[in-house]
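In: coords please:
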Amino acid sequence: MTGLSSAYLSTASNSFVEFARTVAPHVLPSGDLPVSDSIAPHATTIVALTTADGVLMAGDRRATIGSLIASRTMEKVHRADDASVVGIAGTAGIALELVRLFQLELEHYEKIEGTVLSLDGKANRLASMLRANLGFALRGLAVVPLFAGVDQKAEGETPGRIFSFDVTGGRYEEEDYHSVGSGSTFARGSLKKRWKPGLSEEAAVEVAVEALFDAADDDSGTAGPDLIRRIGPTMMVVDSDGAREVETDVILAAAAEVAARRGGGSA
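Out: Now for the predicted structure:
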C-alpha cells in the first residue's frame with residue numbers, strides 16, 4: 001500500500017545499523033577492500049576522568065599521516081547524546097564515520113522505543129559496531145573509541161562512568177580515569193598522579209590539560225595545547241545537566257597556568 005518493502009515497516013529490531021544492513025548495506029562501512037594505513041590520517045590521544053558530578057573527556061587536536069601533521073584542529077571528542085560522549089583514536093575517517101553512525105543509532109533507538117538506552121546498553125551497541133569494523137582493523141585501519149557518560153543509578157561517589165574497548169569489540173569499564181591512543185601510556189601516568197576523588201570541573205580541566213601536555217612531550221602524534229595559535233584540546237563534560245563542551249578560553253587559561261608552572265610553552 002505504501003510502496004515500501006516490508007523491511008521499512010518491520011518492528012523486529014530497534015537498531016538502525018541492522019535496518020541499514022538489510023535495506024542499504026552499501027551505506028555502512030565495509031572492510032572488504034585492501035587498504036594501507038600509510039595514506040590514512042590517524043587521531044591520537046583521548047583522556048577521560050570522573051568528577052564530583054559526572055565525567056570529563058578531552059582529546060588533542062592533531063591528526064597525522066606517518067610523520068606528517070595532517071591536521072592541527074581535528075575534533076576527537078563528540079557528544080553521543082544528552083548523557084554521554086565518545087572520543088576517538090585510530091584511523092580518523094573510519095572513526096568519524098563510526099561516531100556519526102553511533103549517534104544515529106542512539107537517536108533511532110529513542111524514536112522507536114520512546115525511551116533512551118541505559119549507559120551499559122549504549123556501550124554494548126558501540127562494542128557491536130566495533131566488532132563489525134573488524135575487517136578494517138585486520139587491514140591496519142583500527143578504531144579505538146573511549147565512551148563515557150553519567151548513570152544516576154551508579155553506585156559510588158560519582159555518577160560518571162568510563163568504558164574502553166579493543167578492536168575486536170571487547171568492552172571494559174574503567175575506574176576513575178582512562179586514556180586511549182598513541183600517547184595514552186604517558187597520559188595515564190599523568191592522570192595517575194593528578195586525579196583524585198571528587199574533582200571539581202575546573203580542577204578536572206587542569207588535570208586533563210596536564211595529561212595531554214605529558215603525552216605530547218613524549219609522543220609525536222599528540223599535540224599539547226597550542227597557546228600561540230590558540231588551539232586547545234576538545235573537552236566535553238557530562239553531568240546531571242547533560243553533555244556540553246568546555247569553552248576554549250577556559251581550556252587555554254588552564255593550559256597557560258600549567259605551562260607557566262612547568263616553565264615552558266605549548267607542545
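In: can you give me the strands in the stretch 1-150 of the chain?
Out: Along the stretch 1-150 of the chain, the stretches classed as strands by DSSP state E, counting those that start in this stretch are 42-43, 46-50, 55-59, 63-65, 68-71, 77-81, 84-91, 143-150.
In: Can you spell out which helices and strands pack onto the fifth one?
Out: With contacts defined as 3 or more Cβ pairs under 8 Å, 6 or more residues apart in numbering; DSSP states H and E, the secondary structure elements packing on strand 68-71 are strand 63-65. (C-beta placed from N, C-alpha, C; glycine too.)
In: and if you look at the last one?
Out: With contacts defined as 3+ Cβ pairs under 8 Å, 6+ apart, the packing partners of strand 143-150 are strand 46-50, strand 55-59, strand 84-91, helix 92-113, helix 119-132, strand 160-165, strand 177-180, strand 234-239.
In: of all these, which lies closest to Leu199?
Out: Proximity to Leu199 (Cβ to Cβ) singles out strand 46-50 among the helices and strands packed on strand 143-150, at 7.1 Å.
In: on contacts alone, who are the packing partners of the closest one?
Out: Using 3+ Cβ pairs under 8 Å, 6+ apart, strand 46-50 sits against strand 55-59, strand 84-91, strand 143-150, strand 160-165, strand 177-180, helix 184-194, helix 201-218.
In: where does this protein have low pLDDT?
Out: Low-confidence segments of the chain, defined by pLDDT under 70, span residues 1-13, 16-17, 19-21, 23-41, 43, 264-267.
In: ok, now with 80
Out: For the chain, residues meeting the criterion pLDDT under 80 lie at 1-43, 152-157, 264-267.
In: Pick out the residue nearest the middle of it.
Out: The C-alpha lying nearest the average C-alpha coordinate of the chain belongs to Gly87 (Cα atoms, centre = their mean; 0.8 Å).
In: For it, give its distance to Ala259.
Out: Distance from Gly87 to Ala259, counting by Cβ to Cβ, to the nearest Å: 23 Å.
In: Could you say which of the strands of the stretch 1-150 of the chain is packed most deeply?
Out: Of all these, strand 46-50 carries the top mean neighbour count, a mean of 31, counting by mean count of other Cβ atoms under 10 Å.
In: Check what contacts it and list those residues.
Out: Strand 46-50 is contacted from outside by 55-59, 76-77, 87-89, 146, 148, 158, 160-162, 174, 176-181, 184, 187, 191, 195, 199, 204, 207-208, 211-212, using Cβ atoms under 8 Å, 6 or more residues apart in numbering.
In: Try it again at 7 Å.
Out: 55-59, 76-77, 87, 89, 146, 148, 158, 160, 162, 176-181, 187, 191, 195, 204, 207-208, 211-212 (Cβ atoms under 7 Å, 6 or more residues apart in numbering).
In: How about stretch 246-255?
Out: Stretch 246-255 has contacts (Cβ under 7 Å, 6+ apart) with Val205, Glu206, Val209, Pro225, Leu227, Arg230, Gly232, Pro233, Met235, Met236, Val237.
In: Surely Val144 touches Thr91?
Out: No: in this structure, Val144 is not within contact of Thr91 by Cβ atoms under 7 Å, at 9.7 Å.
In: Tell me the span between the first and last residue of stretch 52-60.
Out: Counting by Cα to Cα, to the nearest Å, you get 23 Å between the two ends of stretch 52-60.
In: ugh, typo on my part, it should be stretch 235-244
Out: Across stretch 235-244, the terminal residues are separated by 9 Å (Cα to Cα).
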